[in-house]
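>>> Pasting the sequence and the predicted coordinates here, then a few questions.
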Amino acid sequence: MCGIMGYIGSGNAQDILLKGLETLSYRGYDSAGIAIQQEGALHVVKTRGQIDDLRKKCAASQLSGTLGIGHTRWATHGEANDLNAHPHTDGRGRIAIVHNGIIENHLQLRNMLTERGYTFVSDTDTECAAHLLHFLYDGDLLRSLLLTARYLTGSYAIAAVCADDPSALYCIRSGSPLVLGTCSGEAFLSSDIPALLPYTRDVTVPEDGETAVLRRTGIQIYNAKGRPRKSTSFHVSWDVQSAEKGDYPHYMLKEIHQQPQVLASPPVTSHKTLNSPQQALLLGCGTAYHACLLGAYYIERLSGIPAHPEIASEYASRIAFPYKNCACIAVSQSGETADTLSAAHTAVNRGANLIALTNTLGSSLSRMASAALVTPAGPELAVASTKAYTSQALALLHLARSWGAQLGKEEDPLFEEHLQHLPAWANEALKTEKLLKAYIDPRADKPLFFFIGRGADAVTAKEAALKFKEITYIPSEAYPAGELKHGAIALIHPGMPVIAVCTQPQWVHKTLINLSECRARGAECVCFCLPHMEKEAREAADFVFTLPDMPPLLAPIISIIPLQLLAYYAACKRGLNVDKPRNLAKSVTVE
Ligand code: AGP
């Protein structure tokens, strides 16, 4: 969703902001803009469309200022057009702001400000914050920002510049991501770390309700009461290359191929021991929710602790869940997903002990948790999550295993050895790439795909169908194989691809019977299975893809890889924007 970027230094702010916005574009956007402070005035350039459109508009204005703010907007209030694009200014053009988040009480504020003579030019919620800031401005932008925040409900990260003040860039955050960084004579702010990486790997994160003033001499953070506080930074271990595509045509393909490397390391934990609870609640959205499903399977399997996966946005209605000695594991690649943050707050209020599993050190979720696990996936920039999923699944397996050990559960003596082998199995799975492309190319125009499986394989089927929906726009259904004949089998028609995942020996026979039922109705059946299941699979399926010879317990971490590739090549064949699919945003920061 929206991305914000701010710069103060001696360099050309326009160039630095455009470069930063380009990096943030993975978040999803439909318009972009910048405001540059130059010679006592603010110069705003904004446009509907892509960063390149903005670049063209900027070229005409030739701005040379060294202080400015920039924004990529993912439309929420008002269509994507030039007027609704950020930055927004107060009526006199003396203060400009960019905003990520939602101002929930914008209509009341709009009415209040209109009555006081302010004229609104856009449909956005953000514009009321620009006018309010002006209304409350007494010559001290920091104080006015703090005052403005008292009237705002919702979530926001706001950056502001003032025509009268060439020496500072101001920001405030509450519930939306914001990271700050400095390097010799320059200071930066951004919605996410990758945009800071060309300049610094030491990053500071203001807490909710805090403001910060960025100057050429450094950054000062102020707590919610406006008192200065000492800031602490953390070091980001990835470098700028890890946030670039390298030789790959898309981030998604790069990230799929990074999985062997990602699966070589366990998650980093902020707390050494996570004591085994009496029960576990797992919260997440989309792919992260699918990781929760796998996590719950691992927790019950390896520790015997009852585990309940919940879609974060649905969780508030689960009122009768028992919370005594309950660990709530909130799973989120970004650590900024509004639905997950809100559900995690609810779980904590109900008495659960929060463990955050994120891919982003310093994210909102990891900072609100009593223990934080950080997956070693590195930056994931394609909207469709791939390596984050497999690393979340592995992290949850590690957690389940450690809880099992605390409870004295016996473990397969070969387990450690098998874990060491995961990267090699991931590499082996990637080697089917050409075969998968050859299979999917002639089928990329099929109107409907079905994915089926039982137990942990049903989770893989769900995740595969989500990848298909997201990047190929082909309607794709995932069903527990046994559930098909209770309704969805009515959709099966001649030539329709039905893809079964079979890695769990106790279910393979039954799943293959269900696949045969689809074949009998004309479906074109495909099976992804372990080598020893191949013979049986060939009797039920028209195409069989053999997965590496791995233990069934670890198979769900690997078997999704060829299915990610299948979705990727289908999307390429359809000529779609794989990394930035329509309507989607990487980090969903509104509920
Ligand atoms: C994954 O491919 C999706 N883009 C989406 O479902 C994502 O997993 C979900 O929005 C949760 O994001 P998070 O992991 O950053 O919380």
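That came through, no problem. Residues are numbered from 1 along each chain as shown.
>>> What's the separation between the residue lying closest to Gly40 once chain neighbours are set aside and Ala129?
If the residues on either side of it in the chain are set aside, Gly40 comes closest to Ala163, at 6.0 Å by C-beta to C-beta, 6 or more residues apart in numbering. Quick note: C-beta positions are derived from backbone N, CA and C, even for glycine. Ala163 sits 17 Å away from Ala129, going by C-beta to C-beta, to the nearest Å.
>>> now Ala388
32 Å.
>>> quick revisit: Ala163 and Ala129: who's more crowded?
Between Ala163 and Ala129, counting by other C-beta atoms under 10 Å, Ala129 is the more crowded of the two (28 against 20).
>>> From Ser144, how far off is the more buried one?
11 Å.
>>> go on, Gln50?
Distance from Gln50 to Ser144, by C-beta to C-beta: 33 Å.
>>> Quick check on these two: which one has the bigger neighbour count.
More neighbours surround Ser144 than the other of Gln50 and Ser144, with 21 against 17 (other C-beta under 10 Å).
>>> Show residues contacting the helix or strand harbouring that one.
According to DSSP states H and E, Ser144 maps onto helix 141-151. Helix 141-151 is touched from outside by 95, 105, 109, 129, 132-133, 136-138, 156, 158, 160, 162, 165, 168, 170-172, 174, 209, 211, 213, 222, 224, 226, with contacts defined as C-beta atoms under 8 Å, 6 or more residues apart in numbering.
>>> From these, keep the buried residues only.
By neighbour count, with 16 or more other C-beta atoms under 10 Å, those hold 95, 109, 129, 132-133, 136-137, 156, 158, 160, 162, 165, 168, 170-172, 174, 211, 213, 222 as buried.
>>> same for the least confident helix or strand in the chain by mean pLDDT, what does it pack against?
Within the chain, confidence by mean pLDDT, DSSP states H and E is lowest for strand 268-269 among all helices and strands, at a mean of 74. Secondary-structure packing of strand 268-269 (3 or more C-beta pairs under 8 Å, 6 or more residues apart in numbering; DSSP states H and E): strand 371-374.
>>> so what pLDDT did the residue in the stretch 451-591 of the chain positioned nearest to the ligand get?
At 4.7 Å from the ligand, Val588 is the closest residue in the stretch 451-591 of the chain, using C-beta to the nearest ligand atom. pLDDT recorded at Val588 is 83.
>>> and it, which of the three is it?
Classification of Val588 by DSSP: H, G, I helix; E, B strand; the rest coil places it in coil.
>>> from here on, count from 32
Happy to do that; since the first residue is 32 now, the last one works out to Val619.
>>> Check whether it really touches Asp370, as I assumed.
Yes: using C-beta atoms under 8 Å, Val619 is in contact with Asp370, at 7.1 Å.
>>> Find residues that contact each of the two.
Cys316.
>>> what about these two, which has more around it?
Per other C-beta under 10 Å, whichever of Val619 and Asp370 has more neighbours is Asp370, with 24 against 21.
>>> in which helix or strand would I find the more buried one?
helix 369-380.
>>> which residues sit against that helix?
Under C-beta under 8 Å, 6+ apart, the answer for helix 369-380 is 186, 206, 312, 314-316, 319, 341, 343-344, 346-347, 354, 357, 359, 361-363, 385, 387, 395-396, 399-400, 619-622.
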